[in-house]
Structure formats: C-alpha cells, structure tokens
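J.: Just the structure for this:
(chains A and B)
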Amino acid sequence: MQPSDPAVEAAPAFRVRYFLRGVAGAFSVPGCVLMATFLGFGGLLHDVGFPIGAGLLSTLLIWALPAQVIMIGGIASGAALPAVAVAVCLSGVRLMPMVVALMPLMRGRRPSLWLELIAAHFVAVTMWVEGFRLLPKVAVEGRPSYAIGLGAGLTAASMIATAAGFYLTGSLPGPLAVALLLLTPISFTILLVRNARERVDWLAIGLGAALAPLVANTPGGLDLFWSGVGGGTLAFFIARLWKADRA
Amino acid sequence: MTLFSSELTAILVVIVVGFLPNEIWRVLGVVLGRGLDENSAWMQWVRAVATALLAAVVARLLLTPSGTLVALPFLLRAGALAAGVAGFLLIRRSVLAGVLTAEAVLVAGAWWLGVGG
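T.: Numbering: from 1, shown residues only, chains lettered A, B, ... in the order given. Predicted structure coming up:
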C-alpha cells in the first residue's frame, strides 16, 4: 500500500459514472449463463428446504457457487457444521490466485485498501473471465469503480435468479424442474473441463470424482474433505512422479 | 422439509460456515498481492485439491441427487452430463452450447421415460 497523500485523498477514488458502466457490462452472455446457474441454485435451496432469505444472503456474501452448493449440500446431508466450514474453506482456495492475478487490473492509479477489498469480494470465475476481457478497455482511474459496478451487477442479477429459481421450482412442470436442477452439476463440469490444462488437472478431476462414492457416509460428514484433499494430493504426486520419470 | 427453525439461525450459519471461511482467500489475495509465486509446488497442490473438491461435488450431486432428479436413472443423469461436455468441446468451446446440449438430452430422456411429468 502506498502512503496516502491528503491532497490526493481528497479527490474521490470512487466514480459513479464508471460504476454504472460496470453495471451495464454485467449484461452479457456470460452474465446470462451465470444467472441460469443461480436459477439452479435457487431450485436446490427450495429442494432442501433452506430459507430463501439466508439463501439470497449466501449469494451476496459468499458469491462462489461451488462454496454455496457445498454449504447447502453439507447441511442438508446432516454434516457437522465445522466439517462444512472446512470443505467451504478448501473450495475457496482457488479464489486467491484469481484475486492476485486480477488485482493489477482492478487497482487503478491510487490504491485504496477498501476499494480493493470490495472489488476482490466480487472475484469469482465469471468476474475473472469478464474482468480480463473488459477492464483493459477502461481508463485506469475508473477501473476500481468499473470493477465494483460489474461485480455488483452480476451479483444483483444472480440474486434475482436465485429468488426466481426458488419460487419457480415448486410450480414448474416436471421436465423443466429437472432441467433446473441439472444446471449446477453441468456448469461445474464444463468449468472443470474448460480450466483443465495439464495432466495434474485431469488426474484431480478423475480422482476427486472417483473417490466421492468411496468415502460417502464417512463419519463426521467429512466425505468432501477426503475426496478433495485425498484426490488432489494423489493427483499432485502422481503428476510429479510422471514428470520425474520422463526427465 | 425444513432445515432451520428460524431464518436467523440460517443467516448466522451462512456467515460463519459459508462467508468467513470463503472470504478469507480473497482478503489474503489482496494482502499478499504479488508476493506469491503462482507456479510454486505449494500453489500447484492447492489448485489440485480445489479441482478434486469441485469434481467430488459434481459426483455427489449425480450420485445422491435431490428433488425431481431422483426419479431419473443414474445413466440418464450421467449421460446428460457427458453430452454436455461433448457439446462444449465440439461447439467452439461454448459454455452455453454445452449447457443446452446437456439439458436437451436430459429433458428428452425424461420425456421418453415418462418420468417427472
């Protein structure tokens, strides 16, 4: 952080005009796909009987669908709350490198810790992809406000979709209700395939999925923890051994 | 089925079990900033664990589904997912194309079997 100069501090770092342009930027194809997946999340909330108010709050505060599904799914299966918190924490690890990589684009000219923390809160997969696409076209001094506007727009749209999914599930005809519930697993799967580049990624996908049924019903509700840490660690070491063999 | 007797309990759970353990990584990302080597062995392991965890979430959603999905056979659920991945890879790596392919297979299958109607 730069030491702040009072004269510079007086000029507003937050600019409404850029914020509004960011909000408008949220309405795009990736924004629509995101809304569709949150429709599915709303359906899931309704299915497990999770209160809608707290569900909407989870979209606003957690703002990471995998973590939200892990939390709701874990609670619904009767897992111990500390175990659910550990699984949520593990799933959130991937957010840190995303924030580190995207921050230089969101920081603007005069770094402000608060604006950075707010902008970082909105970082998730869609924001990460859209940020890299849109932010370079924005003037440097407006980037923090634009990033926050983009994040706020995406979050607002997703909260509307969460509520719509929650209230629609009960009244939808069967095939459409089924389609709504498939949105979460299919979007996660495509996300995994899209981000898989190296052998270790494919190994982690295969081992994590294969271990899931084997460790199901682990006492204490730690099954996600075991398939995540176990599958990921195995994938990491197998990929290393493979590389060492080739070398 | 209702999970929590009061909305307030659910809100507390969302904050303590969901928001805090997740948000800490974003705050760390801001604070640690550039001091982090993306390609260190530690980060590679962390990424592998996060990937495996997400794959496990998908597997669990498929194996022990909720709601109306229960009525559909496992092969149809898994088949729709596979079709979605194929659609994504074949149609210009478009997420939308993949999602629509999977949904089309699932809804057609459900309609064919007469389930969920």
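
J.: Name the residue closest to the centre of chain A, please.
T.: By CA atoms, centre = their mean, chain A has its centre lying nearest to residue A:64, at 2.7 Å.

J.: and it, how far is that from residue A:169?
T.: Distance from residue A:64 to residue A:169, counting by CB to CB, to the nearest Å: 22 Å. Using the backbone N, CA and C atoms, a C-beta is placed for each residue, glycine as well.

J.: and chain A, what are its domains?
T.: Chain A breaks down into these domains under automatic domain parsing: A:13-195, A:196-247.

J.: so does the one helix or strand residue A:235 maps to get close to chain B?
T.: According to DSSP states H and E, residue A:235 maps onto helix A:223-246. Yes - against chain B, helix A:223-246 shows contacts by CB under 8 Å from any CB of the partner chain at A:223, A:224, A:227, A:228, A:229, A:230, A:231, A:232, A:233, A:235, A:236, A:239.

J.: Just the buried ones from those?
T.: With burial judged by 16 or more other CB atoms under 10 Å in any protein chain shown, the buried subset of those is A:223, A:224, A:227, A:228, A:229, A:230, A:231, A:232, A:233, A:235, A:236, A:239.

J.: how about the stretch of helix or strand residue A:155 belongs to against chain B, any contact?
T.: Assigned by DSSP H and E, residue A:155 belongs to helix A:143-169. Yes - using CB under 8 Å from any CB, helix A:143-169 comes into contact with chain B via residue A:169.

J.: Convert the next helix or strand after that helix to PDB, retaining C-alpha atoms only.
T.: Remark: after helix A:143-169, the chain's next helix or strand is helix A:174-195, criterion DSSP H and E. Provided in PDB are the C-alpha atoms of helix A:174-195 (Å, rounded to 0.1, in the frame of the first residue of the first chain):
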ATOM      1  CA  GLY A 174     -41.600 -31.900 -14.200                       C
ATOM      2  CA  PRO A 175     -39.100 -31.800 -17.100                       C
ATOM      3  CA  LEU A 176     -38.300 -28.100 -16.500                       C
ATOM      4  CA  ALA A 177     -37.800 -28.600 -12.800                       C
ATOM      5  CA  VAL A 178     -35.400 -31.500 -13.600                       C
ATOM      6  CA  ALA A 179     -33.600 -29.200 -16.100                       C
ATOM      7  CA  LEU A 180     -33.200 -26.600 -13.500                       C
ATOM      8  CA  LEU A 181     -31.600 -29.000 -11.100                       C
ATOM      9  CA  LEU A 182     -29.100 -30.200 -13.700                       C
ATOM     10  CA  LEU A 183     -27.800 -26.700 -14.300                       C
ATOM     11  CA  THR A 184     -25.400 -26.700 -11.200                       C
ATOM     12  CA  PRO A 185     -23.600 -30.000 -12.000                       C
ATOM     13  CA  ILE A 186     -23.400 -29.400 -15.700                       C
ATOM     14  CA  SER A 187     -22.000 -25.900 -15.300                       C
ATOM     15  CA  PHE A 188     -19.400 -27.100 -12.800                       C
ATOM     16  CA  THR A 189     -18.400 -29.900 -15.100                       C
ATOM     17  CA  ILE A 190     -17.900 -27.600 -18.100                       C
ATOM     18  CA  LEU A 191     -16.000 -25.200 -15.800                       C
ATOM     19  CA  LEU A 192     -13.600 -28.100 -14.800                       C
ATOM     20  CA  VAL A 193     -13.100 -29.200 -18.400                       C
ATOM     21  CA  ARG A 194     -12.500 -25.600 -19.600                       C
ATOM     22  CA  ASN A 195      -9.900 -24.900 -16.900                       C
END
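
J.: So which elements touch the next helix or strand after helix A:174-195?
T.: Note on helix A:174-195: by DSSP H and E, the next helix or strand toward the C-terminus is helix A:199-215. Here helix A:199-215 touches helix A:174-195, helix A:223-246, helix B:41-63, going by 3 or more CB pairs under 8 Å, 6 or more residues apart in numbering or on different chains; DSSP states H and E.

J.: who touches helix A:199-215?
T.: With CB atoms under 8 Å, 6 or more residues apart in numbering or on different chains as the test, helix A:199-215 has contacts from A:192-193, A:195-196, A:223-224, A:226-228, A:230-232, A:234-236, A:238-239, A:242, B:44, B:47-49, B:51-56, B:58-60, B:63.

J.: residues of it that come out buried?
T.: A:200-205, A:207-213, A:215.

J.: and it, how far out from the chain's middle?
T.: 20 Å (CA atoms, centre = their mean, to the nearest Å).

J.: what sits against residue B:73?
T.: So residue B:73 contacts residue B:113 (CB under 8 Å, 6+ apart).

J.: I'd like the average pLDDT over the helix holding residue A:235.
T.: The pLDDT scores in helix A:223-246 average 88.

J.: What would that helix look like as PDB? C-alpha coordinates only.
T.: Extracted in PDB, the C-alpha atoms of helix A:223-246 (Å, rounded to 0.1, in the frame of the first residue of the first chain):
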ATOM      1  CA  ASP A 223     -16.600 -37.000   2.700                       C
ATOM      2  CA  LEU A 224     -16.000 -33.900   0.600                       C
ATOM      3  CA  PHE A 225     -12.900 -33.100   2.600                       C
ATOM      4  CA  TRP A 226     -11.400 -36.600   2.000                       C
ATOM      5  CA  SER A 227     -12.200 -36.800  -1.700                       C
ATOM      6  CA  GLY A 228     -10.900 -33.200  -2.200                       C
ATOM      7  CA  VAL A 229      -7.700 -33.500  -0.100                       C
ATOM      8  CA  GLY A 230      -7.100 -37.200  -0.900                       C
ATOM      9  CA  GLY A 231      -7.900 -36.900  -4.600                       C
ATOM     10  CA  GLY A 232      -6.000 -33.600  -5.000                       C
ATOM     11  CA  THR A 233      -2.900 -34.800  -3.200                       C
ATOM     12  CA  LEU A 234      -2.800 -38.100  -5.100                       C
ATOM     13  CA  ALA A 235      -3.100 -36.200  -8.400                       C
ATOM     14  CA  PHE A 236      -0.400 -33.800  -7.400                       C
ATOM     15  CA  PHE A 237       2.100 -36.600  -6.500                       C
ATOM     16  CA  ILE A 238       1.200 -38.900  -9.500                       C
ATOM     17  CA  ALA A 239       1.800 -35.900 -11.800                       C
ATOM     18  CA  ARG A 240       5.100 -35.200 -10.200                       C
ATOM     19  CA  LEU A 241       6.300 -38.800 -10.400                       C
ATOM     20  CA  TRP A 242       5.300 -38.900 -14.000                       C
ATOM     21  CA  LYS A 243       7.300 -35.800 -14.800                       C
ATOM     22  CA  ALA A 244      10.300 -37.200 -12.800                       C
ATOM     23  CA  ASP A 245      10.100 -40.400 -14.800                       C
ATOM     24  CA  ARG A 246      10.200 -38.600 -18.100                       C
END
